[in-house]
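Pasting the sequence and the predicted model now:
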Amino acid sequence: MTAFLRWSKFMFQYSVYRMIWRMIFRVVAAGLFMLIAVFFFHHHSGAPFMPAAVSSFFSRSSDRGSVAYAHSSVDGTNYNLYSPADNIEHSDYSNLERSRGHLDIAMYAFTDRYLAELLVRLANKGMTIRIYRDGEQYQSEEMRGNSTTSLFHGHANIHVRVKPASRNLMHLKAYSDGLILRDGSANWSPSGLKQQDNNARYTNDSQQIKDFETAFEMMWNRTDNTTIQ
């Protein structure tokens, strides 16, 4: 009788432990499945796998210690990012994705297809996008074959104008949707956004946004501009 009770107790404990381990395995497996599903969704949709702030945190070089973390200063919607410690490409992607209504973009170099493809998706949703380029840089990109403008051809919601090539460059690297202004030294090229020593400044200051929009309208309406589309 005693042996039977011991055997019964052992089998009960074994069954409980086995049930617990099964539950743990199922939870871990479900979590891994969801992680893989999210990864493939973002990979095929072109969206960043992690939010810009999280991605920027993990993309900072680990051997730079506390200095890397001091590069970004945030105050509400007013903040600065500094590459290569910060991934400005992800930050721009995140801000553009949240844009509403319209986008006015003045960009000296524009070879980042990741951001260009996002602009196409935003335009497909009805957003009006105006892109103003420097003439000499635009021609250089077209000759090298790394221009992103071909992605916009024929799209009714994306308008591109180019300043005539001259010594007086259109050297801005800025955009605004009327709510947020981004400027700084970072061009829209993979190296300019992630590898070179550059900055991007973001602000919701209404006067600064108005000043940019005024300057953009002046550049956009120059009579000697070349209209690409």
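The structure has been received and is ready for your questions.

Any idea how far apart the tips of stretch 78-95 sit?
Taking CA to CA, to the nearest Å, stretch 78-95 runs 13 Å from one end to the other.

Any buried residues in it, and which?
80-95 (16 or more other CB atoms under 10 Å). The C-beta positions use only the backbone N, C-alpha and C, and glycine is treated the same way.

Report the mean per-residue pLDDT for that stretch.
For stretch 78-95, mean pLDDT is 95.

swap in stretch 213-224?
The model assigns stretch 213-224 a mean pLDDT of 98.

need the contact list for the residue lying closest to A109 once chain neighbours are set aside.
Spatially, and ignoring its direct neighbours in sequence, A109 is nearest to N187 (3.8 Å; CB to CB, 6 or more residues apart in numbering). Shown in contact with N187 (CB atoms under 8 Å, 6 or more residues apart in numbering): M107, Y108, A109, F110, K173, L193, N198.

again with I180
Contacts of I180 (CB under 8 Å, 6+ apart): T77, N95, S99, Y202, T203, N204, I209.

From L122, how far off is Y82?
26 Å (CB to CB, to the nearest Å).

Look up phi and psi at the spatially most central residue of the chain.
Residue closest to the average C-alpha location in the chain (CA atoms, centre = their mean): Y93, at 2.0 Å. With angles defined as degrees, to the nearest 10, Y93 sits at phi -60, psi -50.

So what's the residue count around the closest residue to D177 other than its chain neighbours?
Spatially, and ignoring its direct neighbours in sequence, D177 is nearest to S99 (4.0 Å; CB to CB, 6+ apart). Neighbour count of S99, defined by other CB atoms under 10 Å: 19.

these two touch, right, S99 and I129?
No: taking contacts as CB atoms under 8 Å, S99 lies outside contact range of I129: 9.1 Å.

between the two, what contacts are shared?
Residues touching both S99 and I129 (CB under 8 Å, 6+ apart): L122.

ok so, going back, among the contacts of N187, which two are most distant?
Farthest pair in these (CB to CB) is F110 and N198. Separation: 14.5 Å.

Please identify which of these two sits among more neighbours.
Neighbours were counted for F110 and for N198 using other CB under 10 Å; F110 has more, 26 against 21.

ok, that one to V162 distance?
The value you get for F110 to V162, if CB to CB is used, is 11 Å.

list residues touching both of those two?
R133.

and D211, how many neighbours?
Per other CB under 10 Å, the neighbour tally for D211 reads 12.

Done for today, thanks.
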